[in-house]
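J.: could you look at this predicted model? Sequence included:
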Amino acid sequence: MFENLQDRLGSVLKGLTGRGSLSEADVAAALREVRRALLEADVALEVVRAFTERVREKAVGADVLKSIKPGQMVVKIVHDELVDMLGAEGVTIDLNAPAPVVIMMVGLQGSGKTTTTGKIASRLSKRDRKKVLMASLDTRRPAAQEQLKQLGVQTGIDTLPVIAGQDPVAIAKRAVQAAKLGGHDVVILDTAGRTHIDEPLMVEMADIRKQSNPHEILLVADSLTGQDAVNLARNFDERVGITGLVLTRMDGDGRGGAALSMRAVTGKPIKLIGTGEKMDALEEFHPKRIADRILGMGDIVSLVERAAETIDAEKAQAMAQKMAKGKFDMNDLAEQLKQMQKMGGMGGIMGLMPGMSGMKDKMAAAGLDDSVFKRQLAIISSMTRQERSNPDVLKHSRKQRIAAGSGTSAADINKLLKMHRQMADMMKAMGGKGKGAGAMQKMMGALGGKMGLGGMGGGMPDLSKLDARQLAELQKQAEGSGLGGGMAGLPGGGLPGGLPGLGGPKLPGLGGMPGLGKGKKK
């Protein structure tokens, strides 16, 4: 979502940090570029003006211009102002009210209200153990009520039975009554939208609000809306009184201006962001983490949380035990590749690693994408049980058979075997066996030792047991130690045994991507 803005701001601020001293003219020139970058990202003009003015006031102060590293001070000021623009602290959905807590979803047609309703209901049910009832108040859009019903079947969430001909206000009243009688903790009202803001829409929203007395009114907005997002948010807030924002399609290729503009204009927090079509593709909005991503600082905390949500704890423990013994076969490699796919693929992980923001372009230029992992999994699936357990038996005839079965070539199989050998050597070193074991353990224990945190045999600390403060400290240590582009995995409840392509031996021109060869020639 923020890739264009990230690239532009990154190049501007990099020019500042490379200088020994800064003049007011240098700061003014840089801020002109920052202003241009924000406007190109579709951030509202009034928001851009206020942002650059606040940065200018702080950046031309004597403390900055006379500091030892003035360029880095300016970067910090820009970062802090971005966090302030997005909201200093992350705010979640407030359920602190008598049951059933009523959540009202508002927004334009096509913004993703119905799908987001299903995602929020699924999240509250699975993560917060709440009994949720969903009700569709959209009597105008064809099959809108049926769509919500199908989402309920898909997620196992209760939906209000449809009564033909009932108006939205009456449906809202019936939904709240049904939730009380059914012992539901939360009732989510999916209201109707229009292709544009009009008076009948606003009157209907106000009537529904008066009837249901919602505790939360969430404005669902498409993050690709652009400049018009400001008018949308302002109108809904003035007429209905929203309590928070949910931005959908944050995985798109838009410029991110809506996220920056809507929070600044309304003063209402962005509570959730939609990152895909699946029911679990919904994340809490953390302003500091988003600001870190925009400025290319990575987001280790979100990476750890994503790992904790997607990785099977028993498999992780089994992998950790094998790693301690220095064992790593093709079955383990296949498991690692599947874990990467669950976590959003190589691109998703790279976007959260400090210092790796420029890696995506290098990967694309080298022909490396997630299809590489699909081919590798196809190769492993075409092997026999013996071959997966003992890759050394793979000779020419076996390779030809596997290539035919997986639709690949012998060269692809050789690349995979080379990757496996490199990772197996790394596993042995991390387990205290083989060549370079001492150096690997020393490197892996560096962060844990600096932080005074326990780890696995003196290695990396168990990230699944760290609190928010310790995770934030770990991110700082990773950046300061230059390990942003080469962390060999997240042990413990995270990613034991390392992820292929994150750390280990380097390939020329790819700054830390082991054993993936040069990919497919295009």
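T.: Looks like it arrived, so ask away. Numbers count the residues shown, from 1 in each chain.
J.: would you mind finding the longest helix in the protein?
T.: The residue-count maximum for a helix in the chain (DSSP state H) belongs to helix 410-430.
J.: quick one: mean pLDDT over that one.
T.: Across helix 410-430, the average pLDDT comes to 83.
J.: would you mark the buried spots in that helix?
T.: Applying a neighbour-count criterion of 16 or more other CB atoms under 10 Å, one finds 412-413, 415-417, 419-420, 422-430 buried in helix 410-430. C-beta here means a position set from N, CA and C on the backbone, and glycine is covered the same way.
J.: which one among those gets closest to Arg401?
T.: Ranked by distance to Arg401 (CB to CB), those are led by Ile413 at 10.3 Å.
J.: excluding sequence neighbours, find me the nearest residue to the closest one.
T.: Leaving out its chain neighbours, the residue that sits closest to Ile413 by CB to CB, 6 or more residues apart in numbering is Lys399, at 5.0 Å.
J.: where does that neighbour sit: helix, strand or coil?
T.: Using DSSP: H, G, I helix; E, B strand; the rest coil as the criterion, the local structure at Lys399 reads helix.
J.: could you check how far it is from Thr52?
T.: Distance from Lys399 to Thr52, counting by CB to CB, to the nearest Å: 59 Å.
J.: tell me where the stretch 151-300 of the chain has strands.
T.: Counting by DSSP state E, counting those that start in this stretch, the segments of the stretch 151-300 of the chain that form strands are 158-159, 186-190, 216-222, 244-248, 270-274, 282-284.
J.: just checking, what packs against the last one?
T.: It refers to strand 282-284. helix 113-127, strand 270-274 (3 or more CB pairs under 8 Å, 6 or more residues apart in numbering; DSSP states H and E).
J.: just these: most buried one?
T.: For those, the stretch with the most neighbours on average is strand 270-274, a mean of 24; neighbours defined as mean count of other CB atoms under 10 Å.
J.: now for that strand, which elements pack on it?
T.: Here strand 270-274 touches helix 113-127, strand 244-248, helix 257-266, strand 282-284, going by 3+ CB pairs under 8 Å, 6+ apart.
J.: go with 7 Å
T.: Contacts defined by 3 or more CB pairs under 7 Å, 6 or more residues apart in numbering; DSSP states H and E place strand 270-274 against strand 244-248, strand 282-284.
J.: any idea which of those strands scores lowest on pLDDT?
T.: Across those, the stretch with the lowest average pLDDT is strand 282-284; it has a mean of 88.
J.: what lines up beside it in the sheet?
T.: The partner list of strand 282-284 in its sheet, established with DSSP bridges, is strand 270-274 (antiparallel).
J.: and stretch 189-200, what's its mean pLDDT?
T.: If you average the pLDDT over stretch 189-200, you get 86.
J.: buried stuff in it?
T.: Using 16+ other CB under 10 Å as the test for burial, stretch 189-200 gives 189-194.
J.: how about stretch 148-156?
T.: 148-149, 151-152, 155.
J.: Arg263: which of the strands of the stretch 151-300 of the chain is closest?
T.: Of all these, it is strand 270-274 that lies closest to Arg263, at 5.4 Å by CB to CB.
J.: can you name the residues in contact with that closest one?
T.: Taking CB atoms under 7 Å, 6 or more residues apart in numbering as the criterion, the residues outside strand 270-274 that touch it are 87, 91-93, 112, 116, 119, 218, 244-250, 259, 263, 281-285.
J.: pLDDT weak spots in the protein?
T.: Across the chain, the ranges flagged by pLDDT under 70 are 1-4, 18-22, 61-69, 252-256, 296-313, 316, 323-324, 326, 344-370, 430-522.
J.: one more time with 80
T.: By pLDDT under 80, the weakly predicted segments of the chain are 1-23, 59-75, 88-90, 195-197, 224-229, 251-260, 289-327, 339-371, 423-522.
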